[in-house]
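# After the sequence you'll find the predicted model.
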Amino acid sequence: MQRRKMNSENVSRTRLIVSVMWLLVVGVVVACQPAQNDGPPKEGVAAFYDGRIIRWIIPYSPGGGYDEYGRMIAPYLEKYTGARVDILNLPGAGGMRGVNELFHSPKDGLTIGMINGSALVTNELAGMRGADYKIAEFEYLGRIVADARVFVIALASGYDSFEDIWKLGQAVKIGATGLGGSTYVDAVIANAALKMDLKIIHGFDSSSVIRQAMLRGDIVGTWGSWGSAIDAVDQGRDKIVLQSGNQRGPGLADVPTAFELADKLDDPERAIAILTAWESLHAVGRPVAAPPGTDAVKVQFLSTALDNALHDPELLDTAKKFGRPIDHVSSAEMRQIVNDAMVLPDDIRELFVRAIRGEL
């Protein structure tokens, strides 16, 4: 009986081993079979991207606006390229670390990146240390958005409008991040254009720290992007009192533009020239680009995929839900915008360079 039991157990083990081996063989065979597509086989550049991995560099930490845009759009880029899109966050040096990485990445069409356009244009103009790229040499796929720049004040500050501060005749304190950062440059340029003397307190670690200082009453307000300001405005803590554009933007119909105030100056021409250059930088916005020298066919394919993604109804619904506006322009338009931003009159270029370097 014992021997029969042992034989039975041996037979069971043998059958189990054979079954497992068979399943492994079947698994290998199935894995080696080509993927079955619902549609016809892809050809040309579409076949190249099908099933590949695209590395998407985001030059800031997870959780910020750039990262949120990237993660929101990535599934739709996958939809229209057939590739998998992997987000790679490379924060550092005010966005320059990630952009330098993009600039020097392989030109195989499998690396793209989002750029903080206006900051990187100004850094290059000023010859900032670490700007190891040429903004005009990127292969642009298009632009996601160009956020309006807005001046925000704390409701608890006691001021109700920008003109209240403008006509005060004395300086009030406003916050900014590091010298040469976008919030600092915005404040300096607005001061110069509108002949103001706002006292810029710089060196805050981030926009959130600036907001805390506004809540404490240490400063009155700050410049920044509309996207960064909207949460505190919606929560009833802050108020937008001025915007940078030459036209009032959607959702900001009650907020005057800097151009409107410039028209009230005794000599508005200089102010308008400064504000026009400032606006050309803002128009660069948040473009998506590939490394210089990437094959033109792949650039066109990726540009079309980005265009399709940014016009996908589902993405647009999601973007609206989360307060992330989409303001797409094509790759060709993007190249022209960058070229325009790099061409400034000598005196205004010098003003911007000095502002970026923290000399004003």
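Happy to help now that I have it.
# Is it correct that residue 185 falls within a strand?
No: secondary structure of residue 185 (DSSP: H, G, I helix; E, B strand; the rest coil): helix, not part of a strand.
# residue contacts, it?
Residue 185 sits next to 122, 352, 355-356 when contact means CB atoms under 8 Å, 6 or more residues apart in numbering. The C-beta positions use only the backbone N, C-alpha and C, and glycine is treated the same way.
# quick one: which of those residues sit in helices?
122, 352, 355-356 (DSSP state H).
# for the one helix or strand residue 174 maps to, which positions count as buried?
Here residue 174 sits within strand 173-175, counting by DSSP states H and E. Applying a neighbour-count criterion of 16 or more other CB atoms under 10 Å, one finds 174-175 buried in strand 173-175.
# Run through the neighbouring helices and strands of that strand.
With contacts taken as 3 or more CB pairs under 8 Å, 6 or more residues apart in numbering; DSSP states H and E, strand 173-175 sits against strand 199-201, helix 207-216, strand 221-225.
# Ok, which of those comes nearest residue 51?
Nearest to residue 51 among those is strand 221-225 (36.5 Å), distances taken as CB to CB.
# Show me what that closest one is packed up against.
Applying 3+ CB pairs under 8 Å, 6+ apart, one finds that strand 221-225 contacts strand 149-154, strand 173-175, helix 182-194, helix 207-216.
# So for the helix or strand following that strand, what gets flagged as buried?
Downstream of strand 221-225, the next assigned helix or strand under DSSP H and E is helix 226-234. Residues 226-230, 232-233 are the ones in helix 226-234 that count as buried (16+ other CB under 10 Å).
# Repeat that for stretch 101-117.
Of the residues in stretch 101-117, 101-103, 105, 109-117 count as buried by neighbour count, 16+ other CB under 10 Å.
# so of those, which ones are in helices?
Members of these lying in helices (criterion: DSSP H): 101-103, 117.
# among those residues, which two are most distant?
101 and 117 (16.5 Å).
# Where does the prediction get shaky in the stretch 151-300 of the chain?
169, 180 (pLDDT under 70).
# what about 80?
The stretch 151-300 of the chain contains residues with pLDDT under 80 at 167-170, 178-182, 205-208, 227-228, 250.
# Need the winner for burial among the helices and strands packed on strand 173-175.
Mean neighbour count (mean count of other CB atoms under 10 Å) peaks for strand 221-225 among the helices and strands packed on strand 173-175, with a mean of 26.
# what sits up against that strand?
Residues contacting strand 221-225 (CB under 8 Å, 6+ apart): 65, 147-154, 157, 174-176, 182-183, 186-187, 190, 207, 210-211, 214, 238, 241.
# In contact with the residue nearest to residue 272 when sequence neighbours are not counted, which residues?
Using CB to CB, 6 or more residues apart in numbering and skipping the chain neighbours, the partner closest in space to residue 272 is residue 262 (5.3 Å). Listed by CB under 8 Å, 6+ apart, the contact partners of residue 262 are 193-194, 268, 271-272, 275.
# hmm, which of these are the buried ones?
For the contacts of residue 262, buried by 16+ other CB under 10 Å: 193-194, 271-272, 275.
# ok, so of those residues, who is nearest residue 139?
Residue 139 has its nearest neighbour among those in residue 275, at 30.4 Å by CB to CB.
# Could you say which helix or strand holds the closest one?
helix 268-282.
# which helices and strands sit right next to the following helix or strand past that helix?
Toward the C-terminus, helix 268-282 is succeeded by strand 286-290 as the next helix or strand (DSSP H and E). If you count contacts as 3+ CB pairs under 8 Å, 6+ apart, strand 286-290 packs onto strand 111-114, strand 139-145, helix 296-310.
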